[in-house]
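Q: okay, predicted coordinates and the sequence, questions at the end:
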2 protein chains.
Amino acid sequence: MLNNIPVTLDQVFNPRSVAIVGVSANKPRSFAASVVKALKAAGFPAVYPVNPNHTEMFGLPCYSSISAIPGSVNHVIVNIPAEKTLDLLDDCARKGVTSVHLFTAGFRESGEREGIELEQVILQRAQAAGFRIIGPNCTGLYVPRARFIPISRIPGSPGPVAFLSQSGGHAYDLPFHAGPRGITFSKVISYGNALDINECELLEYFADDDESEIVAIYIEGVREGLRFRRALEKAAGEKPVVICKGGTSDAGLRATLSHTASLTSSVKVFDALCRQANAIRVDDIQEMIDVLVAIRFAVPYPKGRGVAVVGQGGGPSVQASDQMERMGLYFPPLAPDVHRKLEEFLPTAGAIFSNPLDATNILLPDIMYQTMKVIGGSPDIHMMLYHMGFHPATHWGRGWYGNDAFLKPATEALQKAHRETRKPVLLALGLPSDLAGAEERLQVQESFMKAGLPVFHSLEKAALAMARVETWHRRFKPQDQDINS
Amino acid sequence: MLNNIPVTLDQVFNPRSVAIVGVSANKPRSFAASVVKALKAAGFPAVYPVNPNHTEMFGLPCYSSISAIPGSVNHVIVNIPAEKTLDLLDDCARKGVTSVHLFTAGFRESGEREGIELEQVILQRAQAAGFRIIGPNCTGLYVPRARFIPISRIPGSPGPVAFLSQSGGHAYDLPFHAGPRGITFSKVISYGNALDINECELLEYFADDDESEIVAIYIEGVREGLRFRRALEKAAGEKPVVICKGGTSDAGLRATLSHTASLTSSVKVFDALCRQANAIRVDDIQEMIDVLVAIRFAVPYPKGRGVAVVGQGGGPSVQASDQMERMGLYFPPLAPDVHRKLEEFLPTAGAIFSNPLDATNILLPDIMYQTMKVIGGSPDIHMMLYHMGFHPATHWGRGWYGNDAFLKPATEALQKAHRETRKPVLLALGLPSDLAGAEERLQVQESFMKAGLPVFHSLEKAALAMARVETWHRRFKPQDQDINS
């Protein structure tokens, strides 16, 4: 806050230079060292390791203090013991930094009086000097558009999803696991103990942020109930908001107290809050990814919960029906005219000729297209799902799916069926049990994902995500636009 | 049935020679061709492809008919259209075969009168000639001890699990996916339409079969309710029985009718039957694998549902508690003396120092051992779970777990903790999102599996399986032995 102009979250989310304090060349596996290396590798413009015992670190000049850095410093990552933090903050104040991210734990969540009091002194100094605090006890920022990519193997390209996470682990896990399924991010922040920047301010910001079309939230506890409720209602009225609450069980509650010192409110109250705001509640981070995939790619959103399932294998088809009905979808029987049209190109022997549909030649791309097209023409079918396994139960055998001769035309076939029916075409790719299967599965996932098709890890997960998104979309009435038009 | 001595299931499960009818060298990807190749590769003693248009196939002599085969033939696999089956059966009768497996579909499950009537004629001819029928409409036998391994990439070594499956796909899927987790099989059979050999006879047989210590069942419908009930009660009174019923939803029910023409009874009746018999009911094949892993390796079985969870990451720990409590386990808080002992070697800063326990140095094998040992000493902790992710959320980084310097001592540490506490030590290995992670995960899984430790794909799945096994074991009172002594 130079000249009393408050630091905005837009400034926090757009650092151009960063200092990392508490990094050592002797601990190359530490959090701080991996951040220095990842930011450098990502091409972030100015990365300054700070350590009085080194002059060079991981190929970068190293400085003895914040003030010793020649250029300006926007953002500071702090990885030193809690009790040494105050001196460093004075140095940050002198340098005129925008934001300080306290990775370090040992504050309020320790339950010790010293930690609780220290947090308050830190907040006062930051407010007096006019910079913002992220944390303590979190992993901070990830902003691909600013090339602020603090860890390797998460998506380098920006995207439409904002993620605010009380947990540092989840703030990395979500982009890492969601990236291969086509989910990329505008701005990600883990805010830990929420000493200064908290869930309410972040949610208010993301509601208005044009770069963020979808907002994902992992939260353990809320401090300002009324403000949070208003922020959630505003955000969820503008764009899809997906929310996962940690600490819903007795043990989870105890764990959140030690994790981020959150006072979790009753699960029922939280549930009601989400329902009223039309935020999409999920149970865990894996389910959050499924819902993000559905929001992003299962368009135009289904106008109902009728699903047609197509694939190979009688047992898997029976199981598919059981699992997907449990999750809230239903399987309209095939209409007589659909049946008649399918008989023109599908053999009836050895097939389950209903919904789910199981036929041997369903793996031929042209048959895939024709089948989806015919079934998608039924008004009571709102979405189609194609399932594949990566195991020897199909006598087409290993390697069939990953083969270019199959994969390219199959991808195009499903894309075409999607385009022409204007109904979501979903993929469920079974999880493999060996390396060859894993490799093939990733090839198939990448091909479908790049074609804009939603890929799920099981029929059950696909069904649950689609049921949640159907409910959300039915109730979603944005003021000034229809995101599904 | 030569000289009116009936063919026993023991004979059916011990073929020494097999003929495969309806195999063509021009269709190397067909079911029949892959069976010929797999049986040859597995070293099954006598494999006879039958096709009048070839004299040699896949490196084996090929015969024009069953009678043209020089030696004796025990088992015949039939892959020709339903309407051509009768002539073949006459040839089988002349040859004096033991069993005929009808892979072919197009019988009763087609719903056509011809198919239904043809089945009855086939049954009469088989009974008159004295051989048994497997199927129609199924994948038949898999008996590793007899080297009868009809498909590649399923376990080659025999084991304690019998599996009777109405679905052919599941009969291959289960061994394929369960193998890498340490589950091997005594005898597997898929019996499809159950024209002759059915679920009741098989269950009666497996109840008494000494090679089968655990019985797994996938069933869509039961024909002889009372006989099945008695067989289930007998089997589940002797050994653990895990059962999955397909067709529990409306759509699943419709699918079973087309799949194996089963009349599925009400789900409630089936549930009650399983509960009374103390059979372990599971919802799908993936869950069946989890329960088999728990039965096989989570020994001695826990005397209660108190779990201690150890691993790295605050968010994942909170999520662990929520998920595992939902599945029916509970998390006793750490007792003061346990807390005190842990403080001797675990740093308190940055850690969630409760149950679940999250500490940075918990990845060091000696710390793993000491932690498990101390926690396992608590009388209210009945099992311990260690969780690992294969992603960059831990700053220990990729490659740490798969490294021999970690994996060997870590495996030994957990093995030792298991031995000394005499409480199950479970592993939950997170699913990776890229190939390097998949490879590392498989290395870790193999190392733990070979050490006899139960490995699960998620905390939630581990918890659900353990809850089911705890309930089963509490009620299990075998007559003449204690399998958990």
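A: Alright, I've got the coordinates.
Q: quick one: contacts of the longest strand along chain A?
A: When chain A is parsed with DSSP state E, its longest strand is strand A:158-165. Residues from elsewhere that reach strand A:158-165 (Cβ atoms under 8 Å, 6 or more residues apart in numbering or on different chains): A:144-145, A:171, A:174-175, A:178, A:183-191, A:199, A:202-203, A:206, A:209, A:211-219, A:292, A:296, B:315. Just so you know, the C-beta spots here come from the backbone N, C-alpha and C atoms, and that holds for glycine as well.
Q: how many neighbours does whichever residue of the stretch 51-200 of chain A sits closest to chain B have?
A: Per Cβ to the nearest Cβ, A:Ser167 is where the stretch 51-200 of chain A lies closest to chain B, at 2.8 Å. By the criterion of other Cβ atoms under 10 Å in any protein chain shown, A:Ser167 has 32 neighbours.
Q: now swap in A:Gly156 and tell me
A: 14.
Q: that one sits in which helix or strand?
A: Applying DSSP states H and E as the criterion places A:Gly156 outside every helix and strand.
Q: quick one: contacts for it?
A: For A:Gly156, the contact set (Cβ under 8 Å, 6+ apart) comprises A:Ala42, A:Pro144, A:Ile149.
Q: now do 6 Å
A: By Cβ atoms under 6 Å, 6 or more residues apart in numbering or on different chains, the contact set of A:Gly156 is empty.
Q: and it, how close does it get to A:Glu446?
A: As judged by Cβ to Cβ, to the nearest Å, A:Gly156 and A:Glu446 stand 16 Å apart.
Q: hang on, the earlier thing: before we move on, what SS does the nearest residue to the residue of the stretch 51-200 of chain A closest to chain B once chain neighbours are set aside have?
A: Computed as Cβ to Cβ, 6 or more residues apart in numbering or on different chains, the closest residue to A:Ser167 that is not its neighbour in sequence is B:Gly315, at 2.8 Å. At B:Gly315 the chain is in helix, as set by DSSP: H, G, I helix; E, B strand; the rest coil.
Q: report how many residues lie close to B:Gly315.
A: Other residues close to B:Gly315 by other Cβ under 10 Å number 30.
Q: what pLDDT does it get?
A: We have a pLDDT of 72 for B:Gly315.
Q: regarding A:His223, what is its secondary structure?
A: One thing to correct before we go on: residue A:223 is Arg, not His. coil.
Q: confidence score at it?
A: Per-residue confidence (pLDDT) for A:Arg223: 81.
Q: and it, how close does it get to A:Pro136?
A: Taking Cβ to Cβ as the measure, A:Arg223 falls 15 Å from A:Pro136.
Q: those two: which has the busier surroundings?
A: Ranked by neighbour count (other Cβ under 10 Å), A:Arg223 and A:Pro136 place A:Pro136 first, with 29 against 12.
Q: looks to me like the more buried one is in a strand.
A: No - under three-state DSSP, A:Pro136 sits outside any strand and is assigned coil.
Q: which ones are touching it?
A: By Cβ under 6 Å, 6+ apart, the residues touching A:Pro136 are A:Leu102, A:Thr104, A:Phe107, A:Gly192, A:Asn193.
Q: need these in CSV with distance to chain B, secondary structure and neighbour count, can you?
A: CSV is the format used below for these (distance: Cβ to the nearest Cβ, whole Å; DSSP: H, G, I helix; E, B strand; the rest coil; neighbours: other Cβ atoms under 10 Å in any protein chain shown):
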residue, distance to chain B, secondary structure, neighbour count
A:Leu102, 12, strand, 29
A:Thr104, 8, coil, 25
A:Phe107, 10, coil, 25
A:Gly192, 9, coil, 34
A:Asn193, 11, coil, 23
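Q: closest to A:Leu363 out of these?
A: The closest of the contacts of A:Pro136 to A:Leu363 turns out to be A:Gly192 (Cβ to Cβ; 48.6 Å).
Q: name the SS class of the residue minimising distance to the centre of chain A, please.
A: Nearest to the geometric centre of chain A sits A:Leu174, at 4.2 Å (Cα atoms, centre = their mean). Under three-state DSSP, the three-state class of A:Leu174 is helix.
Q: repeat for A:Ala294
A: helix.
Q: can you give me the pLDDT of it?
A: What the model reports as pLDDT for A:Ala294 is 98.
Q: got it, and A:Lys234?
A: We have a pLDDT of 96 for A:Lys234.
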